[in-house]
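[1] Please find the sequence and the predicted model below.
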2 protein chains.
Amino acid sequence: MLGNFKYVNATKLYFGEDSLKYLNDELPKYGENVQLIYGGGSIKKNGIYDSVVEILKANGKKVVDDGGVMPNPTADKLRDGVKIARENNVGLLLAVGGGSCCDYAKAVSVSVNCDEDPWEKYYARFEEPDCEIIPVGCILTMAGTGSEMNGGAVITNHDTHQKIGHVFGEEVMPKFSILNPRFTMTLPKNQMVAGIYDIFNHICEQYFSGEDNNTTDYLAEGLMKSVIDASLKAIEDPEDYEARSNIMWAATWALNTLLSRGKKTDWMVHMLGQAAGAYTDATHGMTLAAVSLPYYRHIMPHGLSKFKRFARNVWGIHTSSKTDEEAAEAGLIAMENWMRKLGLVMNLSELGATEDMIDGIADATIILKGGYKVLTRDDVVAILKESL
Amino acid sequence: MLGNFKYVNATKLYFGEDSLKYLNDELPKYGENVQLIYGGGSIKKNGIYDSVVEILKANGKKVVDDGGVMPNPTADKLRDGVKIARENNVGLLLAVGGGSCCDYAKAVSVSVNCDEDPWEKYYARFEEPDCEIIPVGCILTMAGTGSEMNGGAVITNHDTHQKIGHVFGEEVMPKFSILNPRFTMTLPKNQMVAGIYDIFNHICEQYFSGEDNNTTDYLAEGLMKSVIDASLKAIEDPEDYEARSNIMWAATWALNTLLSRGKKTDWMVHMLGQAAGAYTDATHGMTLAAVSLPYYRHIMPHGLSKFKRFARNVWGIHTSSKTDEEAAEAGLIAMENWMRKLGLVMNLSELGATEDMIDGIADATIILKGGYKVLTRDDVVAILKESL
């Protein structure tokens, strides 16, 4: 049943091919100095950087450059970003990129006016912000993380081999996000499919928990079917605007807090994947893909009815002539076939993980308690070995 | 495909059995004088009125009483409400009731600081607010209209025989809404099922339009399945908290602008039902139920693929051995069976409409152009006759 909860999400979204122009509507609300956050520089090649800078200048803004955000933004980079924001007294953190840039912007936003080390405060001690927060805006160039409409900010610490997400509250969510599906078409195909699996797994993490049969589960199933449908079109033709726009919109709703209202959530695939990511620095969505099936097969007996429902409602499998176990397994087989069709990396070895890393990855795996089974360390090791 | 759109909805929701206590968190944000809006007084019998007044007083608020909001709030009542708000310089319009109370509160909110007659400005000339808006909060006691998280405000004018909805923008949406499923259990069963059909039809109005096959359609199907599932449990046992909570949550998402993003919408069932409602003063959800099947059968040939999809994805009908027409009709038959199981009123005669009203109702029916067929006056008359 639906438990008690609060829901608020005030992020303003501008969606579509013409959405960048609405940056003009937003900029006047914020201070003169804008910290322009981006990644490895692909936005300079594809013209998005120039378009954004042109709009910033037309609105009389001073551009404070902060490029080089890596796919898994580090604690060191975060500290640098905070320094840039302080030195330039910025009034807006404008992330132009994928989830890494948005996450990083949010982590900077809560740290600029805070004296303590951001990693220690937010990622080691999991404290909440108690200082003025700098507003964040996002211009998304990759669909996947949902960071454009939530308070999540994942940061990696290479010193401690940790990749940790802090989910901040409504006051840290982006004030606005600009979602242009055409911008996501500049990505290589393997980045696209990694993003697609990230979306799908966000839904799974919230769906595979509890014995619920509620509105949220039905919404989750609808969203999963949409992702499956659109992804199969997008891998045939990455220029299919309809498919790419549906993937982008599904990504936002997969992780903007709606699907977790009033229910327990799991998130162990992310814990396992993030731990592996901290060791291999592999693409987030691929680490999730590599550990998913071993994890789900491991916990399936503890959440059989939900896995059976997944088979029936998401994959259209006729379950009436099957045992619960057969039905549940048929759903996972259908999911596996879809994952292989997308060309996802299906094991950690391909991502650079080796047998001798298993202990370290297991140590770095945070055990959460919302799923169908609370994993022991032996479970974690077994799942990681099966994922190799 | 998904068109270009904006999405923002900042209404803060408190959901669950303990949600009323959060009124204490909200009240300090608003002025001292609170206009307490409610209906026929049932909240005085079931104790909700006393609980709310107690919280208001504990927060040092002056209660400005504004009861007697009728199921279809009238332009005259609206004018009275505006007068009360002006005379008492209210800082918050707090609606305690169903959609009628919330709609009325929003209509008052945009009219208090406006010199013109509200009916003329917003319902005859469809202007947008250009004056300061008084904030609105809702404590919902009936699930159905979705008014708790949108900008809609339907007002009835008995002088002109018109029942018209104005959908205002984000600035008119409630600042907060308190959703306690237990409060909805005080309703008689026929009000519950009327609300359930209102929810379902809100989804249909947005689903049956365009040749879309997008994320929004999948979300709509999930929401429809949830309403069907929960409604069948709620009519067996109206005290089933799980069912009532799922109905309440589905109602909010059925009409908070999500399902209409990037696509065309229809709304002709509401136009027909509201016109019939202006003549009969019948319960909103029942007027929708009475005109729905004649309307959908009338337009089905023009949107065959969507009706076939509805049969397959919402009602689980195997469509492979059927012609498109057979499949589409099978979906409507399944819907009809469900409607009869709920005990909905299936024709306008039972609601007090007579043959001689048809011309007048047809005159009062606003023709919208987003559906599968733009109706002629002859179409409207034919549908109304079939609905009698």
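    Now that the structure is in, tell me what you want to look at. Bear in mind that the values here come from a model prediction, so they are computed numbers and not experimental data. Numbering: from 1, shown residues only, chains lettered A, B, ... in the order given.
[2] just checking, what's the longest helix in chain A?
    Looking across chain A with DSSP state H, the single longest helix is helix A:215-236.
[3] Give me the buried positions along the very next helix or strand once past that one.
    Later in the chain than helix A:215-236, the nearest helix or strand by DSSP states H and E is helix A:241-254. By 16 or more other C-beta atoms under 10 Å in any protein chain shown, the buried positions in helix A:241-254 come out as A:242-254. Just so you know, the C-beta spots here come from the backbone N, C-alpha and C atoms, and that holds for glycine as well.
[4] what helices or strands is helix A:241-254 leaning on?
    In terms of contacts (3 or more C-beta pairs under 8 Å, 6 or more residues apart in numbering or on different chains; DSSP states H and E), helix A:241-254 is packed against strand A:5-15, strand A:176-179, helix A:181-184, helix A:189-207, helix A:215-236, helix B:215-236.
[5] Around chain B, which positions in the stretch 1-150 of chain A sit nearby?
    Selection of the stretch 1-150 of chain A residues close to chain B by C-beta under 8 Å from any C-beta of the partner chain yields A:1-19, A:22.
[6] hmm, which of the residues you listed are the buried ones?
    Judged by 16+ other C-beta under 10 Å, buried ones among the residues of the stretch 1-150 of chain A next to chain B: A:1-2, A:5-7, A:9-16, A:19, A:22.
[7] Roughly how far does the residue in the stretch 201-350 of chain A that chain B sits nearest to sit from A:Asn214?
    The minimum distance from the stretch 201-350 of chain A to chain B, using C-beta to the nearest C-beta, falls at A:Gly222 (3.0 Å). Going from A:Gly222 to A:Asn214 by C-beta to C-beta, to the nearest Å gives 13 Å.
[8] what does A:Thr257 give?
    15 Å.
[9] For chain A, just list every one of the strands.
    A:5-15, A:33-38, A:62-66, A:92-97, A:136-140, A:152-157, A:162-167, A:176-179 (DSSP state E).
[10] roughly how far is the fifth one from the heart of the chain?
    Its chain's C-alpha centre lies 14 Å from the corresponding centre of strand A:136-140 when counted by C-alpha atoms, centre = their mean, to the nearest Å.
[11] Ok, the third one next?
    Averaging C-alpha coordinates over strand A:62-66 and over its chain gives two centres that are 26 Å apart (C-alpha atoms, centre = their mean).
[12] hmm, back to that, kindly indicate which of the buried ones among the residues of the stretch 1-150 of chain A next to chain B lies nearest chain B.
    After measuring those against chain B - C-beta to the nearest C-beta - the closest member comes out as A:Gly16, at 2.9 Å.
[13] List phi and psi for the residue nearest to the closest one when sequence neighbours are not counted.
    Distances taken as C-beta to C-beta, 6 or more residues apart in numbering or on different chains place B:Asn4 nearest to A:Gly16, at 2.9 Å, with adjacent residues excluded. Dihedral pair for B:Asn4: phi -80, psi 140, per degrees, to the nearest 10.
[14] Contacts only, for B:Asn4.
    A:Phe15, A:Gly16, A:Glu17, A:Asp18, A:Ser19, B:Gly262 (C-beta atoms under 8 Å, 6 or more residues apart in numbering or on different chains).
[15] Chain A - how does it break down into domains?
    Following automatic domain parsing, one gets these domains for chain A: A:12-184, A:189-387.
[16] okay if I get those as JSON lines plus distance to B:Phe183 and mean pLDDT?
    Listed next are these as JSON lines, based on distance: least, C-beta to C-beta, whole Å; pLDDT from 0 to 100:
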{"stretch": "domain A:12-184", "distance to B:Phe183": "25", "mean pLDDT": "97"}
{"stretch": "domain A:189-387", "distance to B:Phe183": "17", "mean pLDDT": "96"}
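[17] Tabulate those (JSON lines), appending distance to B:Asn190.
    Listed next are these as JSON lines, based on distance: least, C-beta to C-beta, whole Å:
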{"stretch": "domain A:12-184", "distance to B:Asn190": "39"}
{"stretch": "domain A:189-387", "distance to B:Asn190": "23"}
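[18] and of the ones you listed, who's closest to B:Asp159?
    domain A:12-184 (39.5 Å; C-beta to C-beta).
[19] Show the contacting residues for the residue nearest to A:Glu325 when sequence neighbours are not counted.
    Using C-beta to C-beta, 6+ apart and skipping the chain neighbours, the partner closest in space to A:Glu325 is A:Leu304 (7.0 Å). Contacts for A:Leu304 (C-beta under 8 Å, 6+ apart) come out as A:Asp324, A:Glu325, A:Ala328.
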